[in-house]
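# got a predicted structure here, sequence first:
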Amino acid sequence: VRNDSPVRGRYPQRQIDRFLQELHTDGFCILKAHFSPSLVENWRNAFSDILEERIRNGMASARGPNRYYISLPFTRPFADATVYEDPDILAVLDAAAQGEIVMPELATDTPLSGSDYQVVHRDHKLRSPDLSDLDASVPFQFAVNFPLVDVTPDNGPFEIVRGTHIWSDAECSKRIKAGDLVLEPLLMNAGDVMIRDVRGLHRGTPNRTDTPRPMVVVGYNRIEHRRPQLRIFVPRDEKARLSPRAARLLQLNPVVDSQADAHPCETYSNLYFLDEE
Ligand SMILES: O=C(O)CCC(=O)C(=O)O
């Protein structure tokens, strides 16, 4: 079904403005109970097979011991406009980015039993080399994160330091070395969604349970900001179904005849963004 008319979001503009304010101040905002339990359950069930297979085939990228970064195929249930074209999320992203955004990433971060603390890091330096004139207060790369299980203190909560997305890279390095940062565990429930400026300092923590804690990451960024290591393989039949907005969001991704032509070789493995200088 083609969907040419914008779907209305759940939130009034004043609440979108509050999310936007939080994103600017804290570097992230959380939309509580945003996706339905059945959507999250479908994704969790479909993901558990992928997790097992990718680890077995050596096609998962380790982001620390027993912690895997795994891309999702752009097929059902994951090729879901309810998620990547959510009107509330896009309203926040469009206003925050102040320019056209694209979507090169549909993936997951999953700590398993035996995972450890990651180093505190940001997922990109303060500035984009492709947007050197952009004011540092304007975010250019985002992660939309949602867990596929309830997050508890035991299963590896994502920890974040508020307000650090606009710190200089030097300040981040200094404060990480000094170890005086206030890391806040985010105990998100299945269905909660976080919109995050990826420059905010954060880390993954150990999953001390036997149940994986998958966190979806839908990556968006300003179109000028290049991320050549990332791509979504869009099957031709899925492309034919995209709304005009989705076609623009996915415009830089390769189109494949079938999922068999997709090669999810994970190259997104650098954790030490601050040591590259
Ligand atoms: O697994 C997590 O909770 C965080 C993962 C992460 O921040 C990373 O791998 O860069």
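Nice, I can see it. Numbers count the residues shown, from 1 in each chain.
# near the ligand, which residues of this protein?
Selection of the chain residues close to the ligand by CB under 6 Å from any ligand atom yields Arg63, Arg67, Asp109, Pro111, Gln118, Asp123, Phe158, His202, Gly204, Met215. All C-beta spots, glycine's among them, are computed from the backbone N, C-alpha and C.
# from Ile55, how far off is the first one?
Which is Arg63. Note on Arg63: its distance to Ile55, by CB to CB, to the nearest Å, is 13 Å.
# tell me which of those two has more neighbours.
Each of Arg63 and Ile55 has its neighbours counted (other CB atoms under 10 Å); Arg63 has more, 20 against 16.
# what's the neighbour count on the nearest residue to the more buried one once chain neighbours are set aside?
Closest residue to Arg63 apart from its sequence neighbours, by CB to CB, 6 or more residues apart in numbering: Tyr69 at 5.1 Å. Residues near Tyr69, counting by other CB under 10 Å, number 19.
# just the element for Tyr69, please.
Using DSSP states H and E, Tyr69 falls within strand 67-71.
# scan this protein for its longest strand.
strand 101-111 (DSSP state E).
# any idea how far Gly163 is from the closest residue to Val7 other than its chain neighbours?
Using CB to CB, 6+ apart and skipping residues adjacent in sequence, the residue nearest Val7 is Pro87, 5.0 Å away. Here the criterion is CB to CB. By it, Pro87 lies 28 Å from Gly163.
# same check on Asp88?
As for Asp88, its distance to Gly163 is 23 Å (criterion: CB to CB).
# the more surrounded of those two?
Per other CB under 10 Å, whichever of Asp88 and Gly163 has more neighbours is Asp88, with 19 against 15.
# my guess is that one meets Gly9, correct?
Yes - assessed by CB atoms under 8 Å, Asp88 is found in contact with Gly9 at 3.9 Å.
# list residues touching both of those two?
Ile16 (CB atoms under 8 Å, 6 or more residues apart in numbering).
# which stretches in the stretch 51-200 of the chain count as helices?
Ranges of helices within the stretch 51-200 of the chain are 81-84, 87-97, 169-178, based on DSSP state H, counting those that start in this stretch.
# against the centre of the chain, work out the most remote residue.
Ala178 (27.8 Å; CA atoms, centre = their mean).
# C-alpha coordinates for the strand holding Tyr69, PDB please?
Output of strand 67-71 as PDB, limited to C-alpha atoms (Å, rounded to 0.1, in the frame of the first residue of the first chain):
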ATOM      1  CA  ARG A  67      28.600  -7.900  22.800                       C
ATOM      2  CA  TYR A  68      27.500  -7.900  19.200                       C
ATOM      3  CA  TYR A  69      26.600  -5.300  16.600                       C
ATOM      4  CA  ILE A  70      24.300  -6.900  14.000                       C
ATOM      5  CA  SER A  71      22.500  -5.300  11.000                       C
END
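# angle of it against strand 101-111?
Relative orientation of strand 67-71 versus strand 101-111 (axes from the mean of the first three to the mean of the last three CA atoms, to 10 degrees): 150 degrees.
# note down every partner strand of strand 67-71 and its orientation.
Take DSSP bridges as the rule and strand 67-71 pairs in its sheet with strand 61-62 (antiparallel), strand 101-111 (antiparallel).
# what separates the last one from the chain centre, distance-wise?
Mean-position distance between strand 101-111 and its chain equals 5 Å (CA atoms, centre = their mean, to the nearest Å).
# can you check the shortest one too?
Between the mean C-alpha location of strand 61-62 and the chain-wide mean there is a distance of 16 Å, by CA atoms, centre = their mean.
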